[in-house]
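Novice: Take a look and give me a structure for this.
(one chain, ligands or ions: 2)
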Amino acid sequence: MNGYKNGYPCQTIKYEDVQNTVKYLRNRTTIRPVLAIICGSGLGGLANTLEDQEAFAYKDIPNFLVSTVPGHAGRLVFGRLGGKEVVCMQGRFHCYEGYPVARITLSVRVMIELGAKMLIVTNASGGLNSDYKVGDLMVMKDHINLPGLTGINPLIGSTDDRFGPRFVPLSDAYNKKYRDLAKEIAQELGMDYLKEGIYVFQSGPCFETVTECCLFRMLGADVTGMSSVPEVIVARQMGVDVLGISLVTNKCIRTYDAVEVANHEEVLETGRMRAKDMERFVAKIAERVEFKG
Ligand SMILES: O=P(O)(O)O[C@H]1O[C@H](CO)[C@@H](O)[C@H]1O
Ligand SMILES: Nc1nc2[nH]cnc2c(=O)[nH]1
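Specialist: Ligands and ions are numbered 1, 2, ... in the order given. Model prediction:
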């Protein structure tokens, strides 16, 4: 149902809708994914590196939304990466596109119901930590969900136990074993620009004011972005482990006399600059992760 409930924007996702989408995709692909990947702004090239690709435009998939942001191709790509069967969102959905927060995570539920046991979210972000440089990667250790603290959360609405519990713990949102593995692989690949830190989610689409950036930093955040957190929440509700990798595409402006301003073109440009490193990194992670059962 679309609309407002108790004053909150809400759209409950029906289990049956997810199952119908799963059935549609299963009937049209031979890949049975164990790993789901979401490509952030400008990072969609990763999907093109999959072997034995079978791809679907979002507009052709029942119940899917469409991508409206440059740098998000809008394709669901199945294939093999690092010897594993994977499904990859080449472009994600954002609240600022006007979609209810529960709706933007339907695709995550679909990928998990298709069999994914791990979710890798990637995103572009603005660097708040002054030690971070443009082009650095950051393993997400935790997040601050600003919209969530004010009532915008994909789990608000009527609940369905088949998706998992209503009250989801998030103190372990970003799996420690996978964070350690990512750091180990980065070291092996000589990626001395990999950091580990905190991502603060704000709804966008405006980039931050100077004072907001100062506030975020005071809160302990290292980078800020307009995505990922709703996806992570849904994955955790469904019992799937998450690894988050953020690319610092620009520096957040924290002085009132700066002449430069943030812009999406710079975000995409940094994505292009780091694309190959990101692809190598994620492929190695896919190769090395192990799943029980
Ligand atoms: O989070 P992703 O989708 O990577 O994109 C980030 O980059 C865009 C702003 O340039 C915003 O959508 C922000 O969230
Ligand atoms: N909120 C936010 N999102 C981003 N995505 C890429 N860069 C930025 C940024 O500076 N701020």
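Novice: L137 contacts K195, doesn't it?
Specialist: Yes: using Cβ atoms under 8 Å, L137 makes contact with K195 at a distance of 7.1 Å. (C-beta placed from N, C-alpha, C; glycine too.)
Novice: Overlap of the contact sets of the two?
Specialist: Residues touching both L137 and K195 (Cβ atoms under 8 Å, 6 or more residues apart in numbering): there are none.
Novice: Now for V34: which residues touch it?
Specialist: Counting by Cβ under 8 Å, 6+ apart, V34 touches 84-86, 115-118, 291.
Novice: now do 7 Å
Specialist: Taking Cβ atoms under 7 Å, 6 or more residues apart in numbering, we find V34 in contact with 84-85, 115-117, 291.
Novice: Could you find the closest non-adjacent residue to L181?
Specialist: R288 (6.1 Å; Cβ to Cβ, 6 or more residues apart in numbering).
Novice: On the three-state scheme, K292 is what?
Specialist: Three-state assignment for K292 (DSSP: H, G, I helix; E, B strand; the rest coil): coil.
Novice: What's opposite the residue in the stretch 51-200 of the chain that ligand 2 sits nearest to in the beta bridge?
Specialist: Nearest to ligand 2 in the stretch 51-200 of the chain, going by Cβ to the nearest ligand atom, is G126, at a distance of 2.1 Å. Taking DSSP bridges as the rule, G126 bridges to T224, N250.
Novice: you'd agree it is up against H264?
Specialist: No: counting by Cβ atoms under 7 Å, G126 stays clear of H264, with 11.3 Å between them.
Novice: Neighbour count for the two, which is higher?
Specialist: The neighbour comparison of G126 against H264 (other Cβ atoms under 10 Å) goes to G126, with 25 against 17.
Novice: Show me which helix or strand of the protein is least confident by mean pLDDT.
Specialist: strand 8-9 (a mean of 46; mean pLDDT, DSSP states H and E).
Novice: Residues in contact with stretch 158-165: which ones?
Specialist: 12, 15, 109, 166, 237-239.
Novice: The same query, at a cut-off of 10 Å, please.
Specialist: 1, 5, 10, 12-16, 18-19, 109, 112-113, 155, 166-167, 234-240 (Cβ atoms under 10 Å, 6 or more residues apart in numbering).
Novice: Among those residues, name the ones in helices.
Specialist: 15-16, 18-19, 109, 112-113, 234-237 (DSSP state H).
Novice: Tell me how many other residues crowd T30.
Specialist: Other residues near T30 number 9, with proximity taken as other Cβ under 10 Å.
Novice: Surely it is in a helix?
Specialist: No: according to three-state DSSP, T30 belongs to no helix; its state is coil.
Novice: pretty sure it is touching Q53, no?
Specialist: No: the criterion here is Cβ atoms under 10 Å, and T30 misses it with Q53 at 11.4 Å.
Novice: and for these two, which residues touch both?
Specialist: Both T30 and Q53 are contacted by F78, under the criterion Cβ under 10 Å, 6+ apart.
Novice: Narrow the contacts of stretch 158-165 to just the buried residues.
Specialist: Among the contacts of stretch 158-165, those buried by neighbour count (16 or more other Cβ atoms under 10 Å) are 10, 12-13, 18, 109, 112-113, 155, 234-238, 240.
Novice: can those go into a markdown table with extra columns for distance to G42 and pLDDT?
Specialist: Putting these into a markdown table (distance: Cβ to Cβ, whole Å; pLDDT from 0 to 100) gives the following:
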| residue | distance to G42 | pLDDT |
| --- | --- | --- |
| C10 | 31 | 53 |
| T12 | 32 | 79 |
| I13 | 28 | 88 |
| V18 | 29 | 96 |
| R109 | 25 | 98 |
| I112 | 25 | 98 |
| E113 | 28 | 98 |
| L155 | 29 | 95 |
| V234 | 23 | 98 |
| A235 | 22 | 98 |
| R236 | 26 | 98 |
| Q237 | 28 | 97 |
| M238 | 28 | 97 |
| V240 | 25 | 98 |
